[in-house]
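**Q** Here you go, sequence then predicted model.
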Amino acid sequence: MTGAIFGTRIIAAPMAGGTSTPGFVQAVHAAGGLGFLAAGYKTVAAMQSDIREVRSAGARFGMNLFVPDRTQLNPPPAVREQMEHYRRSLEPDARRYGVSLPGLRLDDDDEWQGKIDALLEDPVEFVSFTFGLPEQAGVHALKRAGSTIIATVTSPAEASLAVERGADILVVQHGSAGGHSAAFLARENTPDSPGSATTAQLLATVRTAVGVPLVAAGGIMDSAGLDSALAAGATAAQLGTAFLRSDESGARQLHKDALASQAFTETRMTRAFTGRQARALANSFVREHDDAPEGYPALHHLTAPIRAAAAAAGDPERLNLWAGTGWRKAEAGPVSDIINRMLAGSALP
């Protein structure tokens, strides 16, 4: 049965940086969906606090972790120089707001092991991974602890590797998705164009490579998109941009307003904000820094003061306005209304 694994056909994507709050995840659960907390950028203690808060409300949920790229923690001199060059190019932006740029930080693994240890000690129902895969031993340890493992993939090759490592379920992310691309093989081949023409087509391609349940992600904004994904064989659809403007979303109001503004006319894949490809509304920062190098999360830390100052100044032109290609359909209002409209309009049982 469609959605039987999750008890729903609609999953709210884990949106790190403050969007997927415990309140948002609880609202998704109350409306009949499944929400995911996002451990990215958080301390172990903050992750554990989020888990306790959602559990105390009786909500079903999952937890998403960012997998660190060890090559970025100790880059070769040539790559480090590219990042230093990018830092110098950001100085006019920093002067615009009167902020200082931090030095290049290369030691951030997002408290990876601490988060794994915490989830082994206090398991959650679903653990999903983005930006790569843990080692097989780590996957099996989490499964023995009682967690169902979900890997985010963008191609058949990534899907096959994830299943080999022990993933139970795959989120198949199309290039139309907002925010960071989860691609971890040949990341430089993540173009501005979405690759496979549709999310359903990518899902069908991955389906030929693996036999585990698949969740469709990317550009799904309404019941028609939901039906298309389910008809292509998805057990559920994962939505992010569709929920950004919701009342319970923790996204900045400036971000919510930008999604509804006629001032923005397109999205682009960009490394400008974090050093990793991500789809965002094309504002001035995106256009002016289209040569940003790869360097996540070092560039994330470099641009953080600029983004914070831009938010404080109410300036959307220097803010990371993550958005999928269907952002025009994002609606304001309660999460429950968004989910109910999507389910009510679905032609599938």
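**A** Here it is on my side, so go on.
**Q** Which helix or strand contains residue 215?
**A** strand 214-217 (DSSP states H and E).
**Q** helices or strands up against that strand?
**A** strand 169-173, helix 199-207, strand 236-239 (3 or more Cβ pairs under 8 Å, 6 or more residues apart in numbering; DSSP states H and E). Where C-beta positions appear, they are placed from N, C-alpha and C, glycine not excepted.
**Q** so for it, what's the average pLDDT?
**A** Regarding strand 214-217, the rounded mean pLDDT is 98.
**Q** Quick one: mean pLDDT over the next helix-or-strand element following it.
**A** Later in the chain than strand 214-217, the nearest helix or strand by DSSP H and E is helix 223-231. If you average the pLDDT over helix 223-231, you get 95.
**Q** one step back: quick one: contacts of the strand holding residue 215?
**A** Contacts to strand 214-217, defined as Cβ atoms under 8 Å, 6 or more residues apart in numbering, come from residues 11, 13, 150, 152, 169-174, 177, 199-200, 203, 206-207, 229-230, 232-240.
**Q** Output that strand as CSV - backbone C-alpha positions only.
**A** Extracted as CSV, the C-alpha positions of strand 214-217 are listed here (Å, rounded to 0.1, in the frame of the first residue of the first chain):
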residue,chain,number,x,y,z
LEU,A,214,11.6,5.0,-2.8
VAL,A,215,10.5,8.4,-1.7
ALA,A,216,10.3,11.1,-4.4
ALA,A,217,11.7,14.5,-3.8
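**Q** Buried ones in that strand, by neighbour count?
**A** 214-217 (16 or more other Cβ atoms under 10 Å).
**Q** Which helix or strand lies directly C-terminal to the worst-scoring helix or strand of the chain on mean pLDDT?
**A** One helix or strand of the chain scores below all others by mean pLDDT, DSSP states H and E: helix 70-73, with a mean of 85. As assigned by DSSP H and E, the chain's next helix or strand after helix 70-73 is helix 77-89.
**Q** can you list the residues that contact that following helix?
**A** 75, 101, 104, 106, 275, 289, 292-295, 298-299, 302.
**Q** hmm, 7 Å instead?
**A** 101, 104, 292-293, 295, 298-299, 302 (Cβ atoms under 7 Å, 6 or more residues apart in numbering).
**Q** quick one: the helices in the stretch 51-200 of the chain?
**A** With DSSP state H, counting those that start in this stretch as the criterion, the stretch 51-200 of the chain has helices at 70-73, 77-89, 91-97, 112-121, 136-144, 156-165, 199-207.
**Q** Which one of these lies nearest to residue 37?
**A** Between residue 37 and the helices of the stretch 51-200 of the chain, the tightest spacing by Cβ to Cβ is seen for helix 112-121, at 11.2 Å.
**Q** re the thing from before, and of the helices and strands packed on strand 214-217, who's closest to residue 247?
**A** strand 236-239 (15.8 Å).
**Q** Run me through the strand neighbours of that closest one, direction for each.
**A** Looking at strand 236-239 with DSSP bridges, its partner strands are strand 10-12 (parallel), strand 214-217 (parallel).
**Q** picking that back up, distance between the strand holding residue 215 and the chain's centre?
**A** Its chain's C-alpha centre and that of strand 214-217 lie 13 Å apart, by Cα atoms, centre = their mean, to the nearest Å.
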